[in-house]
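In: here is the input, now give the coordinates:
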Amino acid sequence: MVTVLTHKAKNKDRSGSDGAGVGARLRAVDQVRNIGIIAHIDAGKTTISERMLFYSGRVHKMGEVHEGNAVMDWMIQEKERGITIASAATTFFWRDCQVNLIDTPGHVDFTAEVERSLRVLDGAVGVFCGVGGVQAQSETVWRQADRYRVPRIVFVNKMDRVGAGFDRVVSCIRERLGACVVPVQMPMGAGDGMTGVIDLVRLRACTFDTSDQGAHVAWGDIPASFAARAEEGRARLVETLAENDEETLERYMEHADVPSDAIVAGLRRATLACRVMPALCGAALRNVGIQPLLDAVEDYLPSPLDVPPIFGKHPRTGSEEPRQAEDADVCALVFKLTGDPYAGRLALARVYSGTLSKGQNLYNPRTKSRARVMRILRLHADSREETATLHAGEIGALVGLRDLAAGDTLCAENAPIELERIRFPEPVMFMAVEPRSRADKDKLDQALALLEAEDQTCVIRKDAETGQTVMGGMGELHLEILKDRILREFGVDIRVGEPMVAYYETVLGSARAEHRFDREAGGTRQMAHVVLEVQAGERESGNAIEFDVDRRRVPDMFHAAIEAGIQDGLVTGVLARYPMRDVRVRVVDGSFDEALSTEVAFRTAALLAFRDAATKAQPEILEPVMALEIDTPSEHVGDVIGDLNGRRGKIRDIVAMDADQTVRADVPLAELFGYSTAIRSLTAGRGRYTMEPEQLDVAPASMRDKLLNR
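Out: Below you'll find the predicted structure:
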């Protein structure tokens, strides 16, 4: 028997009306799903998002990335390049659920977009290429999701391509990512012969009418040629689930044939606990497998009620406090700022508790100020829809709030809380930027300030020696996009320098120094005395400044000035004027004069004492090292490895992938400029590569001498 359903027939809300629009809010929090699509670049994230919108009735025409008309890739730069640059949010309904979806970028230069999205999402769909399997950025986004303990389901895409292998990709995910992936589907055929998928939970076949854009889904009996493999797959599914869920184990011990409903319930429990990740498959470009994926989003991914409470600190007492969806006091996290030509500055926020209403006054613990929400907007890529409220678990955009930064908490003033801020990686490249005419200087400064507020991996700083404005980013593509936005969005014609590697300084040892400042300036004598210690901190721990000094020797009133002086030293460095990282500074002694000591004197004394101590503490230069992954035909592996050795690369491993091989190596970023041209030459145009920041390593003596012009 075969049952045929269309996307319209399945997508009805409880009132029986079509759930395409977002105006009829389903108010039950347990029916909300906040999910993100995460994957390596070109795995098919946006294509899957477009199909989800179409089958849910949210849009009435399917957009395509390669045609430049995808709804979720709305930026002009995204349409031109065929990649996702900025995460885009939307809302649609599927069955009884309201799905708040964020489509994230896959390119490493825009990894901050993934970071901020995963911070506020409850669940994610990890998309993997059926041929490429676990690729470089796949691993990065997976680790980001691990850090936030985001429950996930796996979707192996592009199963219609030659060389695709569902079992091979699942094994690769288990080995490289250490994830307990449980196939709940298997493909019916592979490559061009793929006709549908088999549901291992309910042991039924699912086929898609590709001539009707996949809108018609037919559920029926499993073909005889796949029946034996399906029975084996279901048995493995039940066994794996029994190992990870006690209730399923009890049912399994009673009877090996566990009912389908019990399997679904067990999978949901184990997925919410991040013990297993259900794996599905399909071919999004051919409209195969999306409706079962949407069903899995509702069946296995959490609602806001299923996730643990989020914890923050009371801004006055410092005590840790929880917030959960059932709480009445409003609490929201601003995870992104963006500009809108009509609405102005938008603050994208996730509501964790309470109800956020238009006209409501919200308290910002960071600025210790209140602001009124003028408007609330629901998002659908680049279009907006006004609403009166956002309930716990929802994501929306707020208008009218000032002095905001990404990571700020908005809460009720009588129940203040400050949630943990979002951490972003440091830039690895810098580029000098200046206006072509002096008349555009103010416009450029305004544009750079807005870009820096929107994108925390875009860092703007002034070079103290040259007076140049320098713009930092995560790579050449990131800087190119920022430059293009300055020209198109802000209308500023600019000149830019060549991209430069973002070097840093650190210390490997420890040292103590003091400075006694005693000078006359403008007819007034000023005095200050600071003693401090500098030592190496743990790598990636950041800088730390501590005060371990008797208040009778250095009163609290001068601590801020001393800290400012030390920060001046950390920003300017001691070797080549690069910013310093992973340095611990401890102020241990000093002295003052009630009549002569000033804040300016203490700031200067702290700066000079810090520079003296840092110079004695084995200062070194840090250079960014990239994790490089190269896919190349086997006959070119030797040439690729030889070239990497010449670039100071360290080979990690070489993995055979059918006729190709994947080379993974750590290579200093300074050696990778123009590598796209080199790899084409080395592999006769057949090789491809991806890279991402791996770590900061101490530069060798030859590189340090080169940077210091020795």
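In: where does pLDDT dip in the chain?
Out: 1-27, 63-85, 106, 108, 341-343, 381-382, 464-466, 657-659, 710 (pLDDT under 70).
In: where exactly do the strands run in the stretch 401-550 of the chain?
Out: Assigned by DSSP state E, counting those that start in this stretch, the strands in the stretch 401-550 of the chain fall at 409-411, 418-419, 429-435, 459-462, 469-473, 494-496, 500-501, 504-507, 510-521, 524-536, 544-547.
In: quick one: which of those strands is nearest residue 306?
Out: strand 418-419 (19.1 Å; C-beta to C-beta). Glycine gets a C-beta too; all of them are placed from N, C-alpha and C.
In: which residues are in contact with that closest one?
Out: 310-315, 323, 331, 333, 352, 365-366, 409 (C-beta atoms under 8 Å, 6 or more residues apart in numbering).
In: so how far is that strand from its chain's centroid?
Out: Distance of strand 418-419 from the chain centroid (C-alpha atoms, centre = their mean, to the nearest Å) equals 19 Å.
In: stretch 147-156 now?
Out: Counting by C-alpha atoms, centre = their mean, stretch 147-156 comes out at 13 Å from the chain centroid.
In: quick one: end-to-end length of it, please.
Out: 22 Å (C-alpha to C-alpha, to the nearest Å).
In: and stretch 501-510, which residues are buried?
Out: 501-507 (16 or more other C-beta atoms under 10 Å).
In: dump that stretch to CSV, keeping only the CA atoms.
Out: Output of stretch 501-510 as CSV, limited to C-alpha atoms (Å, rounded to 0.1, in the frame of the first residue of the first chain):
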residue,chain,number,x,y,z
VAL,A,501,49.3,38.7,8.5
ALA,A,502,48.1,39.6,12.0
TYR,A,503,51.2,38.9,14.2
TYR,A,504,51.1,39.1,17.9
GLU,A,505,53.7,39.2,20.7
THR,A,506,53.9,37.2,23.9
VAL,A,507,56.4,36.3,26.7
LEU,A,508,57.8,32.9,27.4
GLY,A,509,59.3,33.6,30.8
SER,A,510,58.8,35.9,33.8
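In: show me the contact partners of stretch 145-156.
Out: Against stretch 145-156 from outside (C-beta under 8 Å, 6+ apart): 38, 48, 118-119, 121-130, 164, 166, 169-170, 173, 179, 181, 271-274, 277-282, 289, 293, 296-297, 300-302.
In: residues of that stretch that come out buried?
Out: Per 16+ other C-beta under 10 Å, stretch 145-156 contains these buried residues: 145, 150-156.
In: now stretch 232-252
Out: Buried, per 16+ other C-beta under 10 Å, within stretch 232-252: 233-234, 237-238, 240-242, 244-245, 248-249, 251-252.
In: so which of the residues you listed belong to helices?
Out: 233-234, 237-238, 240-242, 244, 248-249, 251-252 (DSSP state H).
In: between those residues, which sits nearest residue 356?
Out: residue 244 (37.0 Å).
In: tell me the contacts of that closest one?
Out: So residue 244 contacts 180, 270, 275-276 (C-beta under 8 Å, 6+ apart).
In: give me that answer again for 10 Å
Out: Shown in contact with residue 244 (C-beta atoms under 10 Å, 6 or more residues apart in numbering): 180, 182, 266-267, 269-271, 273, 275-276.
In: what of residue 584?
Out: Residue 584 neighbours (C-beta under 10 Å, 6+ apart): 507, 510, 533-538, 541-546.
In: wait, doesn't residue 294 sit right on residue 95?
Out: Yes: between residue 294 and residue 95 there is a contact under C-beta atoms under 10 Å: 7.9 Å.
In: of these two, who's got more company?
Out: A side-by-side neighbour count of residue 294 and residue 95, using other C-beta atoms under 10 Å, places residue 294 first with 25 against 18.
In: the more buried one sits in which helix or strand?
Out: For residue 294, the element it lies in under DSSP states H and E is helix 290-300.
In: which SSE is immediately downstream of that helix?
Out: Assigned by DSSP H and E, the successor of helix 290-300 is strand 310-313.
In: could you pull out the buried residues of that following strand?
Out: Quick answer for strand 310-313 (16+ other C-beta under 10 Å): 310, 312-313.
In: can you redo those residues as JSON lines with distance to residue 563?
Out: Putting the buried residues of strand 310-313 into JSON lines (distance: C-beta to C-beta, whole Å) gives the following:
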{"residue": "310", "distance to residue 563": "30"}
{"residue": "312", "distance to residue 563": "25"}
{"residue": "313", "distance to residue 563": "21"}
